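Trainee: Got a predicted structure plus its sequence, pasted below:
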Amino acid sequence: MGNFFIVLLILFLFFLIIGALADKYKTDDTKKYTSQRNFDYEDNVTNDIDKILSSKPDKPQKDVISIVGGFYRSWEAKQCIRKLYACETVFLKEEPDNPYDPNAIMVLSKKGLHIGYVSKYDIQTVKTRMSEGLVKGSVYDTMDSRYEYLITLLPMEEGDEEYNNAIYFFNERKRIEVESRKKTELRKELGIDDIVVLAADDLLPKKKYSSILRLLKPVFDADAQDGNCYELMIYCCHYMQDYESELKYIDKSIESGQFNDRAFLNRRKYQVLRLLGHLVSNDQIENEKAGVETTILELDFFNRIVSILSDVVDPNRIDFRDSKGLFAVNLDNNIRRPICKLYLNNPDKMFIGLINEDGSLLKVRITDISELDELKDDLLRPINKFLDKPNFYAHGY
């Protein structure tokens, strides 16, 4: 009996051990399956991400570059920088002759204005892009208080018309600057400022026009004249009644843009054109003010008055101002120095306004231009007190 229980106990222990081993193998298989499943899942996800990323196109290269130095550019350039807007096109130009940095790259507006430099920290980036092909800039961020801003580099096609225009305008500006510097140096060598002062302060009041011409000749021969020189030459020719030469200098002054008073030049030009007989119709006279029409008749009356007074008064001191219904003749281009006033809009009913001693106006009927000869004393009366007070600075001296 005792042996029977021992056998049962041994069998029980045997099956208990077998069951435990079976559970262990089952757990190990489950863990192995789960681990392998997780590994397969992670591998599949990674492959999917790689496929998605590889299917996307490459992003375009967008280099954002800092532009500096705007604070030191011209007033015109600063105004341009202030008005820059996002995505506005600008152009890049290497400047190997820059005295401070031969690697400098300047930035130009569409109109050829120099509006800054590529920052030294971005020069290599720009040069690398330039080596790959033509590039231009697009404003990325507008300026700050130092006139600095950002641009994005973009590819540019060969023969870009806007780029070619910008380079042309830039070169023209440089050419004008160089010529201006040369002329400034030449003016210093010739002592033009001293010549103008001597002529205006001393020689002109004394009517020494031949001396003025001798002083001005080397200036005009060197093409170094300015507005004052042109005007002095015009005065000389007018006094000597060399109207053809005067007209030439008037036209050259207007063409060059070197004048002190454009309105004065226009008045003088029409006066001279009429004296030369080139003006025969009112339609040939371009009036600058609306409602004001300078006529051949008014110019004829004016020239007759100048002729009458020229033996007493320098003809350069007599000028006119035209307005609606009134043609005023003044001394020294000064409305406070009136000589007379003409009312000639109605040829059948014309008047001349004479200036009395007290400054009041006396209107006298006049029917013909020849009647002016009899009014010489009346015309001289208001200017006698001014004859010893020359005013040759009216046009810019």
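Mentor: That came through fine. Quick caveat: nothing in here was measured; it's all calculated off a predicted structure.

Trainee: Just give me the residue right at the centre of the protein.
Mentor: Note on the chain: the residue nearest the mean C-alpha position is Glu76, at 5.7 Å, using Cα atoms, centre = their mean.

Trainee: Show me what secondary structure element comes after the longest strand along the chain.
Mentor: Using DSSP state E, we find that the single longest strand of the chain is strand 334-343. Using DSSP states H and E, the helix or strand that follows strand 334-343 towards the C-terminus is strand 350-355.

Trainee: Which stretches in the stretch 251-397 of the chain count as helices?
Mentor: 262-275, 296-309, 376-380 (DSSP state H, counting those that start in this stretch).

Trainee: Redo those helices as a markdown table? Include mean neighbour count and mean pLDDT.
Mentor: The way it works is simple: take the backbone N, C-alpha and C, and place the C-beta from them, glycine included. Putting those into a markdown table (neighbours: other Cβ atoms under 10 Å; pLDDT from 0 to 100) gives the following:
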| stretch | mean neighbour count | mean pLDDT |
| --- | --- | --- |
| helix 262-275 | 19 | 95 |
| helix 296-309 | 19 | 96 |
| helix 376-380 | 15 | 95 |
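
Trainee: would you list these in JSON lines and tack on distance to Asp160?
Mentor: Putting these into JSON lines (distance: least, Cβ to Cβ, whole Å) gives the following:
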{"stretch": "helix 262-275", "distance to Asp160": "39"}
{"stretch": "helix 296-309", "distance to Asp160": "53"}
{"stretch": "helix 376-380", "distance to Asp160": "66"}
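
Trainee: chain center to the longest strand of the chain: distance?
Mentor: 38 Å (Cα atoms, centre = their mean, to the nearest Å).

Trainee: One more: stretch 330-350?
Mentor: How far stretch 330-350 lies from its chain's middle: 39 Å, per Cα atoms, centre = their mean.

Trainee: residues of that stretch that come out buried?
Mentor: By neighbour count on 16 or more other Cβ atoms under 10 Å, the buried set for stretch 330-350 is 330-333, 337-344, 350.

Trainee: Show me what the longest strand of the chain pairs with in its sheet, parallel or antiparallel.
Mentor: Note on strand 334-343: by DSSP bridges, its sheet partners are strand 326-331 (antiparallel), strand 350-355 (antiparallel).

Trainee: Could you tell me the angle between the last one and helix 296-309?
Mentor: Orientation check (axes from the mean of the first three to the mean of the last three Cα atoms, to 10 degrees): strand 350-355 against helix 296-309 gives 40 degrees.

Trainee: Need the contact partners of strand 350-355.
Mentor: Strand 350-355 is contacted from outside by 338-344, 361-367, 372, 375, 378-379, 381-382, using Cβ atoms under 8 Å, 6 or more residues apart in numbering.

Trainee: Can you point out the buried residues in it?
Mentor: Result for strand 350-355 [16+ other Cβ under 10 Å]: buried residues Met350, Ile352, Gly353, Leu354, Ile355.

Trainee: Quickly name whichever of the residues you listed is closest to Lys83.
Mentor: Checking the buried residues of strand 350-355 against Lys83 with Cβ to Cβ, the nearest one is Gly353 at 51.5 Å.

Trainee: Kindly report the domain assignment for the chain.
Mentor: 64-181, 191-260, 281-397 (automatic domain parsing).

Trainee: Check the burial of Gly70 by counting its neighbours.
Mentor: 23 (other Cβ atoms under 10 Å).

Trainee: What is the helix or strand harbouring Leu92 packed up against?
Mentor: Per DSSP H and E, Leu92 falls inside strand 89-94. Here strand 89-94 touches strand 105-108, helix 123-132, strand 135-141, helix 161-190, going by 3 or more Cβ pairs under 8 Å, 6 or more residues apart in numbering; DSSP states H and E.

Trainee: tell me the angle whichever helix or strand comes after the third one makes with strand 135-141.
Mentor: Same thing as strand 135-141. Moving toward the C-terminus from strand 135-141, the next helix or strand (DSSP H and E) is strand 149-155. Inter-element angle recorded for strand 149-155 and strand 135-141: 140 degrees (by the same axes, to 10 degrees).

Trainee: what does strand 149-155 rub up against?
Mentor: For strand 149-155, contacts defined as Cβ under 8 Å, 6+ apart pick out 62-67, 70, 81, 84, 90, 107, 116, 125-126, 129, 133-143.

Trainee: Just checking: what are the partner strands of it?
Mentor: strand 64-68 (antiparallel), strand 135-141 (antiparallel).

Trainee: C-alpha coordinates for the longest one, PDB please?
Mentor: Provided in PDB are the C-alpha atoms of strand 135-141 (Å, rounded to 0.1, in the frame of the first residue of the first chain):
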ATOM      1  CA  VAL A 135      21.300  85.600 -61.000                       C
ATOM      2  CA  LYS A 136      19.200  88.500 -60.000                       C
ATOM      3  CA  GLY A 137      17.500  89.500 -56.700                       C
ATOM      4  CA  SER A 138      14.000  89.800 -55.400                       C
ATOM      5  CA  VAL A 139      13.300  91.900 -52.300                       C
ATOM      6  CA  TYR A 140      12.500  89.500 -49.500                       C
ATOM      7  CA  ASP A 141      12.200  92.000 -46.600                       C
END
